[in-house]
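Asks: need coordinates for the following:
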Amino acid sequence: MNGKTVASVGALLITLFVLAATMIATMSWLANRTSVSVVPSATPALSDAFTIVTSRETTAVPEPTVAPTRTPVPYNSNSMMYLVFAGFDLSPGFGPLNDRTLDALERIRGENDTSQVRVIIESLRNYFAVDIINAAVETLEVLTAQTEFGDDWKAWSEWVGRRRDEYPVPSEYGEWKINYLRQIDGRFGAFLSPALGSKSDVDLTEIEWGGVVPDGIPPLENPPNTGADDPGADYLEDDERVIGVSINGEHRAYPLRIVNAHELVNDVLGGEPLSLTW
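Replies: Predicted coordinates:
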């Protein structure tokens, strides 16, 4: 290495040293300029007061809770029918529907609403919860002073059927009756809706569901017949019960053992259409 090279290297090192010192000095100056001094508050009391005032201004004060008041619903016999029994999909069983019906029966007792007697009797056959059945029977006994029928809805129905004037139904009983029968089969609504007219002679309180839907039991349509002396009539006993019909000189006997299974016979006798029920 010659003298010129050594001089160049020395100059480079000196230059780098100067640059490093300059950078260190600059960084120290910047650090001092950006540091924040924490100065203790000279008036801590005012600071606390400001904090308290600010807290009071920004914190919402809850208003006292006022318990809601329940306005008693006026008693309505028509509405009460739908609480006693609204239909098979809404019939009482467990939970809220059960409680709703229990409350309705209790209120009926309290109001001594005898117009609900028929409604409860017809609903009794559709109840299956024991507490509802017991409450319905209790209500019937309170309203009628009768205690011998228990939960026998058929006995209750026969009893009240002989006392039509004593136990009139609510004004919208017809709509209620058709509403629940329509849920069994929609055709009941078509059959019975004309009975709501003022000119109808049909008393809906006398109609009871027989346990089957329309046409659930097929009728006898123009059944074959045979003469009394023909061999085909040998199955009849001498004391066989029959329904005898005579029209325009033509006579026919319909054996009850056959009619009973169908309940309805549609036939033509003496040239006239005939419908026979049993």
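Asks: all contacts plus neighbour counts: C-alpha atoms, from now on.
Replies: Fine.
Asks: and residue 275, helix, strand or coil?
Replies: Under the three-state scheme (DSSP: H, G, I helix; E, B strand; the rest coil), residue 275 adopts strand.
Asks: ok, now which ones touch it?
Replies: Contacts for residue 275 (Cα atoms under 8 Å, 6 or more residues apart in numbering) come out as 264, 265, 266, 267.
Asks: check residue 102 too.
Replies: Counting by Cα under 8 Å, 6+ apart, the residues that residue 102 touches are 132, 135.
Asks: so what's residue 257 up against?
Replies: Residue 257 makes contacts with residue 241, as judged by Cα under 8 Å, 6+ apart.
Asks: which is the succeeding secondary structure element to the lowest-mean-pLDDT helix or strand in the chain?
Replies: Ranked by mean pLDDT, DSSP states H and E, the weakest helix or strand in the chain is helix 44-58, scoring a mean of 44. Remark: after helix 44-58, the chain's next helix or strand is helix 77-84, criterion DSSP states H and E.
Asks: show me what that next one is packed up against.
Replies: Here helix 77-84 touches helix 96-111, helix 117-124, helix 173-184, going by 3 or more Cα pairs under 8 Å, 6 or more residues apart in numbering; DSSP states H and E.
Asks: the spatially closest residue to residue 240 that is not a sequence neighbour bridge partners, please.
Replies: Once flanking residues are discounted, residue 240 sits nearest to residue 255: 7.2 Å by Cα to Cα, 6 or more residues apart in numbering. According to DSSP bridges, the residues that bridge with residue 255 are residue 242.
Asks: list the buried ones in stretch 256-274?
Replies: By neighbour count on 16 or more other Cα atoms under 10 Å, the buried set for stretch 256-274 is 259, 262, 264, 265, 267, 269.
Asks: show me the helices in the stretch 101-250 of the chain, by range?
Replies: Here the stretch 101-250 of the chain has its helices, by DSSP state H, counting those that start in this stretch, at 117-124, 130-144, 153-161, 173-184, 186-192.
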